[in-house]
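# just to be clear, the model below is a prediction. Sequence and coordinates:
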Amino acid sequence: MFRFTKQERLCSRKAIEILYTKGKAKNIFPFRVIVIKSDPEKHLNKEKYPARFMISVPKKRIKLAVKRNRVKRLVREAWRLNKHKLYAELLKKNAHCDVMLVYITSDLPELKGVENKMPAVFNFIVGEITRD
């Protein structure tokens with residue numbers, strides 16, 4: 001339940017391009033959240049994983065690769081620990097989505113700070129997905 005498997009990762013270039021061009025976006029500091037409703041047939045193991053996720057940390061904001069990788073690890077960990085709340089809501093509504101979090105500040109986060117932002121991120125995702 002608290003794993004972050006390959007089926008949950010957003011890897012397809014085509015899916016990422018569609019997410020950037022057609023997705024709904026909102027800034028929830030320190031993230032820019034981009035979300036789009038996706039076709040459930042493209043999700044592997046769709047009954048278990050209703051969302052595919054990726055994180056991006058721009059080189060423009062955090063120059064050192066070591067620090068960028070640390071930010072990505074912290075955000076993935078916060079997602080992994082809290083995703084069951086989002087999945088429960090999406091499965092109730094029978095919805096599937098692709099999500100990208102872009103880290104938009106140059107400050108290095110702490111896990112607690114990132115975890116505290118996850119409920120706001122999840123509320124935005126559920127709101128956008130169920131609106132359509």
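Good, I have the coordinates.
# residue contacts, Ile129?
When contacts are counted by Cβ atoms under 8 Å, 6 or more residues apart in numbering, Ile129 touches Val35, Lys37, Leu90, Lys93, Ala95, Cys97. All C-beta spots, glycine's among them, are computed from the backbone N, C-alpha and C.
# farthest-separated two in those residues?
Taking Cβ to Cβ, the two most distant members of the contacts of Ile129 are Val35 and Lys93; they sit 13.8 Å apart.
# neighbour count winner among the two?
Using other Cβ atoms under 10 Å, the more surrounded residue of Val35 and Lys93 is Val35, with 23 against 12.
# next structured bit after whichever strand or helix holds the more buried one?
Here Val35, judged by DSSP states H and E, is contained in strand 31-37. Elements were assigned by DSSP H and E; along the chain past strand 31-37, the next helix or strand is strand 51-56.
# in the helix or strand just after that following strand, what's buried?
In the C-terminal direction, the helix or strand that comes right after strand 51-56 (DSSP H and E) is helix 65-92. Judged by neighbour count using 16 or more other Cβ atoms under 10 Å, the buried positions of helix 65-92 are 68, 71-72, 74-76, 78-79, 82-83, 86-87, 89-91.
# which strands and helices sit next to helix 65-92?
With contacts taken as 3 or more Cβ pairs under 8 Å, 6 or more residues apart in numbering; DSSP states H and E, helix 65-92 sits against strand 51-56, strand 97-103, helix 111-131.
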